[in-house]
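> build me a model:
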Amino acid sequence: MSYSTQQIRNVAVAGHSSAGKTTLFEALLHAGGVLQTAGSVERGTTVSDFDPMEKARAHSLNTAIASTDHAGIHVNLIDTPGYADFRGPTLSAFSAVETALIVVNASSGIEHGTRRIMEAAKARGLCRVIAINRIDADPGKLGALLDALREEFGSECLPMNLPANGGKSVVDCFFNPAGDSDLGPVADWHQKIIDQVVEINETVMGHYLDEGEAGLSGSELHDAFEQCLREGHLVPVCFVSARNGAGVKELLDLAEKLFPNPLEANPPPFHKNGEPIQASHDPKGHVIADVFKIVNDPFVGKLSIFRVFQGTVRKDTQLLIDDGKKPFKVGHLFKLRGKDHVEVDQAIPGDIAAVAKIEDIHFDAVLHDSHDEDHIHLQPIDFPKPMFGLAIEAATRGQEQKLATALHKLAEEDPSFHIEHNPELNETVIRGLGELHLRVMLERMKERYGVDVKSRPPRIAYRETISTNAEGHHRHKKQTGGAGQFGEVFLKIEPLERGKGFEFVDAVKGGTIPGQFMPAIEKGVRQVLHGGAVAGYQLQDVRVTVYDGKYHTVDSKEVAFVAAGKKAFLDAISKARPQILEPIVSLEVSAPESHMGDITGGLSSKRARISGTDSLRDGEIVIKAQVPLSELTDYAAELKGTTAGRGRYSLEFSHYEPVPGNVQKQLTEAWKPRVEED
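Sure, this is the predicted structure:
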C-alpha cells in the first residue's frame with residue numbers, strides 16, 4: 001500500500017504486565033491481514049516476542065515493531081514490555097508515536113503499571129486510549145471496572161464501544177448509538193461523549209446548543225474530537241478480547257476514524273540551540289528523524305530504528321548524525337515486522353524505519369540531511385533513574401575486553417541500563433530498574449556475547465558535603481637544589497542548596513595569583529571533589545572561592561598550585577562540619593491488604609518514612625515510603641517471603657540527605673585514605 005502522512009497512525013501498545021498487550025498486538029496484525037493466524041504467547045509463536053528469553057519467560061522484555069494496513073490507513077504498532085524493570089524501552093517508544101493504547105486486564109483491573117503508563121503518556125502529550133482486554137473472561141466485572149477507570153483517571157474516560165453478548169462482541173457508542181449492551185443502553189454514553197467533545201470549542205458548543213447534534217458538521221465534530229484527544233480532554237475506552245477477536249476490528253476502525261495522524265497530534269518537542277522549533281512534516285523538506293531504538297542484531301549488525309518527522313528518507317540518501325560531523329549513506333532502508341526486516345524504498349514524515357550497520361548512530365540521535373539542522377535535538381525523555389546495582393567482573397581472566405564490548409552494546413539498547421566504573425576501587429557497576437532487569441542483562445551477556453561474570457553488591461553511592469562556611473589555606477613549598485615548587489592559596493567554601501553540584505569562583509585581585517595558575521588550583525580542588533575528604537565519596541553542593549595567594553616568578557608551577565589548591569580545600573572542609581549524604585529512594589510496594597502491617601513494620605525498621613497508602617480493587621494496597629537505599633539490599637527476597645510472592649515494589653531515586661551520626665562514624669572509620677607527601 002502506498003500511503004501519505006495523513007494516513008499513518010503510530011500506536012504504542014502499553015500497560016501493566018500480563019494485561020494481554022502482546023496477544024492484542026497479534027490480534028491487530030491478524031485483523032489487518034498481516035498474519036493468517038495470530039501467534040500465541042504460550043507457544044512462543046508471536047511476532048513481537050521473538051527473543052529466546054522472551055519465549056522462555058512468556059513475557060515481553062523489549063519493544064517490538066510491526067505495521068498493518070486497514071481501511072486506507074497504515075498503522076505502525078509498537079508492542080512494549082509491561083514489567084516496571086523494562087520501563088526504559090517503553091518510554092523510548094513514546095517518542096515515536098502519537099497514541100498510547102493502554103491495555104487493562106478486565107480481571108485484574110487498574111494496576112500499578114496502569115497508573116505509571118497513563119502518567120507517562122500524559123506527560124509526553126500523547127493521545128491516550130484505554131483498551132479493556134479479556135472482556136469475555138469475567139463480563140460481570142466490566143461495569144465496575146469502567147466506573148473505577150473514570151474515578152481513577154477522570155470523567156474524560158468515556159467508552160467508544162460497550163461489551164455485548166457476555167463479552168463475545170461489542171456495540172458502538174459513537175457512530176451508531178442504537179441498541180443495548182451488557183452495560184445498558186448505548187445512547188446514554190453517546191450523549192456523554194458528545195457533551196464532552198463539544199465543550200472543548202466555543203463555536204462548536206454554540207452550534208450544538210442552538211441546533212443540537214444535528215447542527216454539527218462532520219468536520220466540526222472531528223476537529224473538536226481531535227482537540228479533545230490532543231489536550232487530554234477525552235480518553236476513549238474500548239472493550240476487546242484479543243483471544244476471541246471481539247472488538248479488535250472495531251479498534252482498528254476507531255484508529256482509522258479518530259486516532260490522530262502525525263499532523264493532528266501535539267507537535268514533537270524539538271529544540272535548536274535551546275529554542276523550541278517545530279518540524280513541518282513536509283515530505284519535500286530537510287530530513288529530521290529521531291532514533292528511538294537500537295538493536296545489536298547478531299546477523300544484521302547494529303540496527304538503528306527511527307521515526308521520521310520531516311522530509312523523506314530514501315535509499316542512497318546521505319544523512320548526518322547530530323552535529324553533522326558524521327555523514328553516512330543509506331544503503332538499505334527497512335520496515336520491521338518483529339524479527340523480520342522488510343526492505344523499502346522510502347520513509348515519509350510520520351513513518352518508522354531502520355538502517356543497519358551504522359556504528360556511529362546512538363539512541364536519541366537526530367538524523368538529518370542538511371547542516372541547517374546540525375543542532376536540533378528532541379526533548380529528552382525523563383527516564384527513571386536506575387538504582388539497583390551489581391558490581392561485576394569477568395569470571396574468566398582475559399575476557400575483560402569482551403565484557404566491556406558486551407556492556408557497551410547492552411547499554412546502547414536500553415537507556416535505563418547504566419554502566420559505572422569506579423577507578424579508585426577498580427569496580428565496574430551495572431545499574432538497572434530492578435533485580436529482574438539486571439538478571440536478564442546478565443543472561444543476555446552470556447547467551448548473546450558468551451561472557452560469564454561474577455557479581456556482588458556494589459558500594460552504596462554515598463556523597464559528601466559541608467554544612468557551614470569555612471576558610472582554608474595551604475602553602476606548597478619544595479626545594480630540591482635547582483628550581484623548586486611554590487604555590488600558596490587562600491580560599492573559602494560555602495554549602496550550596498542540595499543538588500546544585502559545584503561552583504568554582506576566581507575572586508583573586510591584584511594579581512597575587514596569575515590567571516594561568518587558576519585552572520591548576522581548580523584541578524586540585526576537583527581531585528578532592530572526586531576522591532572525597534571524609535570517607536572517600538564524591539563531594540557535592542559546595543562553592544569554592546579562591547580569593548588570595550602568592551606565587552614565585554621562578555618556582556611557581558602548575559603542579560605546585562594543584563597541590564596547594566587541594567590541601568587548602570581539605571583544610572577548609574575540616575572546619576566546615578563535613579557530612580556524609582546517603583541516597584534516599586521513593587519506594588512503592590503493592591501487596592494484598594492483609595500483609596500491610598508486616599510490610600510497614602519491616603519498612604520502619606529500615607529507617608523508612610511512610611508517606612501514605614492507597615487502597616486498590618480486590619483487596620490490594622499500595623504503600624508509599626521514602627527509604628535509604630542502603631537499607632534495601634535484600635528487600636526483594638524479604639518482600640517475597642513476607643507476602644508469599646504476591647508483593648512487588650518499584651523505586652526511584654528521590655534525593656540525598658545526611659546519614660545518622662553513628663552511620664557517618666562507621667563510614668569514616670572504615671575509610672583509610674592514602675597519605676600523600678607534598
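
> just how off-centre is stretch 246-259 within its chain?
28 Å (Cα atoms, centre = their mean, to the nearest Å).

> sketch out the low-pLDDT regions of this protein for me.
424-425, 481, 617-618, 672-678 (pLDDT under 70).

> longest strand in it, by number of residues?
In the chain, assigned by DSSP state E, the strand with the most residues is strand 578-592.

> may I see the buried residues of that strand?
578-591 (16 or more other Cβ atoms under 10 Å). For glycine as for every other residue, the C-beta is placed from the backbone atoms N, C-alpha and C.

> what do you get for stretch 293-306?
293, 294, 295, 296, 302, 303, 304, 305, 306.

> which SS class is the closest residue to the fourth one other than its chain neighbours?
Okay, so that is residue 296. Distances taken as Cβ to Cβ, 6 or more residues apart in numbering place residue 409 nearest to residue 296, at 4.5 Å, with adjacent residues excluded. Following DSSP: H, G, I helix; E, B strand; the rest coil, we place residue 409 in the helix state.

> in what element of secondary structure is the residue nearest to the spatial centre of the chain found?
With distances taken as Cα atoms, centre = their mean, residue 383 lies nearest the centre of the chain, 2.9 Å away. Under DSSP states H and E, no helix or strand contains residue 383.

> now do the same contact list for it.
87, 88, 91, 415, 416 (Cβ atoms under 8 Å, 6 or more residues apart in numbering).

> what's the distance between it and residue 647?
25 Å (Cβ to Cβ, to the nearest Å).

> then residue 634?
14 Å.

> the more surrounded of these two?
residue 647 (20 against 9; other Cβ atoms under 10 Å).

> partners of the nearest residue to that one once chain neighbours are set aside in the sheet?
Leaving aside its chain neighbours, residue 647 sits nearest to residue 591 (3.7 Å; criterion: Cβ to Cβ, 6+ apart). For residue 591, the beta-bridge partners are residue 621 (DSSP bridges).

> contact partners for residue 591?
599, 620, 621, 623, 639, 642, 643, 646, 647, 648.

> in a markdown table: these, plus secondary structure.
Below are those laid out as a markdown table (three-state DSSP):
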| residue | secondary structure |
| --- | --- |
| 599 | helix |
| 620 | strand |
| 621 | strand |
| 623 | strand |
| 639 | helix |
| 642 | helix |
| 643 | helix |
| 646 | coil |
| 647 | coil |
| 648 | strand |
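
> so which of the residues you listed comes closest to residue 480?
residue 639 (62.0 Å; Cβ to Cβ).

> I'd assumed residue 595 was in contact with the closest one.
No: taking contacts as Cβ atoms under 8 Å, residue 639 lies outside contact range of residue 595: 9.0 Å.

> between the two, which one's more packed in?
Just comparing residue 639 and residue 595: by other Cβ under 10 Å the higher neighbour count belongs to residue 639, 23 against 19.

> spatially, what comes nearest to that one if we skip its sequence neighbours?
Residue 639 sits nearest to residue 647 (Cβ to Cβ, 6+ apart), 4.5 Å away.

> likewise residue 538?
residue 463 (5.5 Å).

> so how many other residues sit close to that neighbour?
Residue 463 has 18 nearby residues by other Cβ under 10 Å.

> could I have the buried ones of the contacts of residue 591 as ChimeraX selection syntax?
Buried members of the contacts of residue 591, identified by 16+ other Cβ under 10 Å, are gathered into one ChimeraX selection as follows:
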select :599,620,621,623,639,642,643,647,648
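
> farthest pair within the contacts of residue 383?
Between any two of those (Cβ to Cβ), the greatest distance is 10.0 Å, for 87 and 415.

> who's more crowded, those two?
Using other Cβ under 10 Å as the criterion, residue 87 and residue 415 rank with residue 87 on top: 25 against 21.

> how about the more buried one, secondary structure?
Going by three-state DSSP: residue 87 is helix.

> okay but it is in contact with residue 116, surely?
Yes: using Cβ under 8 Å, residue 87 is in contact with residue 116, at 7.2 Å.

> and residue 414, what are its phi and psi?
Phi and psi for residue 414, reported as degrees, to the nearest 10, are phi -130, psi 110.

> which helix runs longest in this structure?
If you go by DSSP state H, the chain has its longest helix at helix 558-575.

> next one: residue 147 from residue 250, what distance?
Taking Cβ to Cβ, one finds residue 147 at 22 Å from residue 250.

> I meant residue 508, not that one.
74 Å.

> same deal with residue 635?
44 Å.

> likewise residue 579?
From residue 579 to residue 250 the distance is 60 Å (Cβ to Cβ).

> before we move on, what about residue 634?
48 Å.

> repeat for residue 464
60 Å.

> between these two, which one's more packed in?
residue 464 (26 against 19).

> how many residues are close by residue 506?
Residue 506 has 15 nearby residues by other Cβ under 10 Å.

> what about the residue nearest to it when sequence neighbours are not counted, which helix or strand?
Computed as Cβ to Cβ, 6+ apart, the closest residue to residue 506 that is not its neighbour in sequence is residue 518, at 5.2 Å. Using DSSP H and E, residue 518 sits in helix 518-531.

> what is that helix packed up against?
When contacts are defined as 3 or more Cβ pairs under 8 Å, 6 or more residues apart in numbering; DSSP states H and E, helix 518-531 packs onto strand 485-495, strand 502-506, strand 542-550, helix 558-575.

> quick one: distance of that helix to the chain centre.
On Cα atoms, centre = their mean, the centre of helix 518-531 falls 34 Å from the chain's centre.

> quick one: buried residues of that helix?
For helix 518-531, by 16+ other Cβ under 10 Å, it's 518, 520, 521, 522, 524, 525, 526, 528, 529, 531.

> and for it, what's in contact with it?
424, 487, 489, 491, 502, 504, 506, 508, 513, 538-540, 542, 544, 546, 558-567, 569-570, 573.

> which of the residues you listed count as buried?
487, 489, 491, 502, 504, 508, 513, 538-540, 542, 544, 546, 558, 560-567, 569-570, 573.

> residue contacts, the residue nearest to residue 639?
589, 590, 591, 592, 595, 599, 639, 640 are the contacts of residue 647 under Cβ under 8 Å, 6+ apart.

> in JSON lines, list the residues you listed along with distance to residue 379.
Converted to JSON lines, the contacts of residue 647 look like this (distance: Cβ to Cβ, whole Å):
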{"residue": "589", "distance to residue 379": "32"}
{"residue": "590", "distance to residue 379": "31"}
{"residue": "591", "distance to residue 379": "36"}
{"residue": "592", "distance to residue 379": "40"}
{"residue": "595", "distance to residue 379": "40"}
{"residue": "599", "distance to residue 379": "37"}
{"residue": "639", "distance to residue 379": "35"}
{"residue": "640", "distance to residue 379": "38"}
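
> quick check, nearest of those residues to residue 29?
residue 590 (31.8 Å).

> just checking, the closest one touches residue 621?
Yes: Residue 590 is in contact with residue 621 according to Cβ under 8 Å; the separation is 7.3 Å.

> what's the burial count for residue 468?
11.

> now it, what's its secondary structure?
Assignment for residue 468 (three-state DSSP): coil.

> setting aside sequence neighbours, what's the nearest residue to residue 192?
residue 158 (5.7 Å).

> hey, C-alpha coordinates of stretch 6-19 in CSV?
Coordinates of the C-alpha atoms in stretch 6-19 are reproduced here as CSV (Å, rounded to 0.1, in the frame of the first residue of the first chain):
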residue,chain,number,x,y,z
GLN,A,6,-2.3,11.7,6.9
GLN,A,7,-2.9,8.0,6.6
ILE,A,8,-0.3,7.0,9.2
ARG,A,9,-1.3,6.0,12.7
ASN,A,10,1.6,5.4,15.2
VAL,A,11,0.4,3.4,18.3
ALA,A,12,2.4,2.1,21.3
VAL,A,13,0.6,-0.8,23.0
ALA,A,14,1.5,-0.4,26.7
GLY,A,15,0.2,-1.3,30.1
HIS,A,16,0.9,-3.5,33.2
SER,A,17,2.5,-6.9,32.8
SER,A,18,0.0,-9.7,31.9
ALA,A,19,-2.6,-7.3,30.6
